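*Asks:* Dropping the sequence and predicted coords here.
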Amino acid sequence: MKQLERLKRITILLNELPQTIESLKLYFSELGVQVSSRQLYRDMQEVGEYFLRAGEKLEQRKMEFNRIMWLINKNVNAEQINSYDIDTLLISNMTIPAGLAIGRKESLVKLRRLLADHLYHSKVENNANLDRLSLLNTHFFEIPYNEQFQSRLDSILWATANHRSLIISKYNGDSVSLYRSLTFPIVFDPMKIIYHRGSFFVAGMIQTTKQCLVLDVYQIQGYTLSNQTFQFKKSHLILEENLKSRFGITQNINDLVYKIALEFSSITGQYIKMHNWHQSQRFEELPSGNLRLELNCGVNRELLGWIFQWMGNVKVLEPEILIGLYNEQLKLINKAKHEPLAYTNISQPE
């Protein structure tokens, strides 16, 4: 057997499994070719210098009884993994919603295997969080999505990425405060997937009326993928402006943008100041120690509900329409003490 053929065969073997000099001698012996150990060591050197692809490296690993194992490291040019990187991945996995962690388990396992491949070639001796015993996600305010939801989300992701219209035939619920006049079915042009407060939403435009709309993916119960494409760029710009005018993702009560002014008690105000609520938020510390928050956005149910979250630690200063809705909601809360409960949405747009 010529040297070139022998070197080629050694390279093929190394691409399949790590090899030792003994395993190579056995392989060639079975082919009826006698090769000395000294020659195989020289062959390994030749393979390492001339037969590897870009990004590959021939490495030696010590085994028991001082034996040497040879392997081709295919991740030699990959960035090294450190403990901070491992923590980043573990924290990312921890913050994945429960429904996705269950429904996309196979994909997550693949990503962890990729990490393991890189970790094998990195110099990380120990990471205290690898057992995940010190990490906890309460999954509070999350929906345990089933396989049906996973399939629906994948379909809507595909339609959004490929600018294909959806025919929404059935929708159950009112988590986004839809137009009161809206009836299904509708032809909907999906443009953006939004993850907000533990749920997935799809934002787009009603094809006939050109109204911007955000739909809760979980509440879409009937839909059909269409082969019809839609113009994306111009409509996407309109949608972006519409989303910026909302507090959260809920439908505004009208098309107006208001100057919202709220006053928070001192301790609550410091907590509010730490967080991101809207791109227009501005804070001002008052002489009393309280905090004034100003926003430029529409008025919607999500804003009203968010204000009630702070109970007696917030005061609505302006605009008048928000003050009116706040007072009306207080009346409904008190009314519920004495009468049977019925669904109400005083912030629902027409």
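*Replies:* Thanks, I have it. Numbers count the residues shown, from 1 in each chain.

*Asks:* use CA for all of it now, contacts and neighbours both
*Replies:* Fine.

*Asks:* which residue ranges form the helices in this protein?
*Replies:* With DSSP state H, the ranges of helices along the chain come out as 3-16, 21-30, 37-50, 83-94, 98-103, 105-120, 147-161, 233-244, 266-273, 301-309, 320-335.

*Asks:* pull the helix or strand with minimum mean pLDDT from this structure.
*Replies:* helix 105-120 (a mean of 68; mean pLDDT, DSSP states H and E).

*Asks:* quick one, what contacts residue 267?
*Replies:* residue 290 (C-alpha atoms under 8 Å, 6 or more residues apart in numbering).

*Asks:* mean pLDDT lowest for which of the helices of the chain?
*Replies:* Lowest mean pLDDT of the helices of the chain: helix 105-120, a mean of 68.

*Asks:* hang on, the earlier thing: between the helices of the chain, which one is closest to residue 347.
*Replies:* helix 301-309 (5.2 Å; C-alpha to C-alpha).

*Asks:* Which neighbouring elements make contact with that closest one?
*Replies:* For helix 301-309, the packing partners by 3 or more C-alpha pairs under 8 Å, 6 or more residues apart in numbering; DSSP states H and E come out as helix 320-335.

*Asks:* re earlier: can I get the helices of the chain in JSON lines including distance to residue 135?
*Replies:* Putting these into JSON lines (distance: least, C-alpha to C-alpha, whole Å) gives the following:
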{"stretch": "helix 3-16", "distance to residue 135": "38"}
{"stretch": "helix 21-30", "distance to residue 135": "45"}
{"stretch": "helix 37-50", "distance to residue 135": "43"}
{"stretch": "helix 83-94", "distance to residue 135": "7"}
{"stretch": "helix 98-103", "distance to residue 135": "14"}
{"stretch": "helix 105-120", "distance to residue 135": "17"}
{"stretch": "helix 147-161", "distance to residue 135": "26"}
{"stretch": "helix 233-244", "distance to residue 135": "34"}
{"stretch": "helix 266-273", "distance to residue 135": "24"}
{"stretch": "helix 301-309", "distance to residue 135": "27"}
{"stretch": "helix 320-335", "distance to residue 135": "38"}
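
*Asks:* Kindly report the domain assignment for this protein.
*Replies:* According to automatic domain parsing, the chain comprises the domains 3-73, 79-144, 147-244, 258-335.

*Asks:* Of all the ones you listed, which one comes closest to residue 349?
*Replies:* Using C-alpha to C-alpha, the domains of the chain put domain 147-244 closest to residue 349, at 5.1 Å.

*Asks:* how far does the closest one sit from the chain's center?
*Replies:* The chain centroid and the centroid of domain 147-244 are separated by 18 Å under C-alpha atoms, centre = their mean, to the nearest Å.

*Asks:* Stretch 316-331 now?
*Replies:* In terms of C-alpha atoms, centre = their mean, the centre of stretch 316-331 is found 35 Å from the chain centre.

*Asks:* ok, and what's touching that stretch?
*Replies:* Residues contacting stretch 316-331 (C-alpha under 8 Å, 6+ apart): 258, 259, 260, 261, 262, 263, 299, 304, 346, 347.

*Asks:* Adding distance to residue 136 and neighbour count, write those residues out as CSV.
*Replies:* CSV is the format used below for these (distance: C-alpha to C-alpha, whole Å; neighbours: other C-alpha atoms under 10 Å):
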residue, distance to residue 136, neighbour count
258, 40, 17
259, 39, 13
260, 36, 20
261, 37, 19
262, 34, 17
263, 34, 21
299, 35, 27
304, 31, 17
346, 38, 14
347, 36, 22
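
*Asks:* Which two among those are spaced furthest apart?
*Replies:* Going by C-alpha to C-alpha, the pair spanning the contacts of stretch 316-331 furthest: 263 and 346, at 23.0 Å.

*Asks:* Now do the strands in the stretch 151-300 of the chain.
*Replies:* Taking DSSP state E, counting those that start in this stretch, the strands of the stretch 151-300 of the chain run over residues 164-171, 186-196, 199-206, 212-216, 220-229, 258-264, 282-285, 291-297.

*Asks:* most packed of the ones you listed?
*Replies:* Most buried of the strands of the stretch 151-300 of the chain, by mean neighbour count (mean count of other C-alpha atoms under 10 Å): strand 212-216, with a mean of 22.

*Asks:* pLDDT of that strand, averaged?
*Replies:* Here the average pLDDT along strand 212-216 is 97.

*Asks:* try stretch 60-67
*Replies:* 76.

*Asks:* Quick check: end-to-end length of that stretch?
*Replies:* 10 Å (C-alpha to C-alpha, to the nearest Å).

*Asks:* buried sites along it?
*Replies:* Buried residues in stretch 60-67, counted by 16 or more other C-alpha atoms under 10 Å: residue 60.
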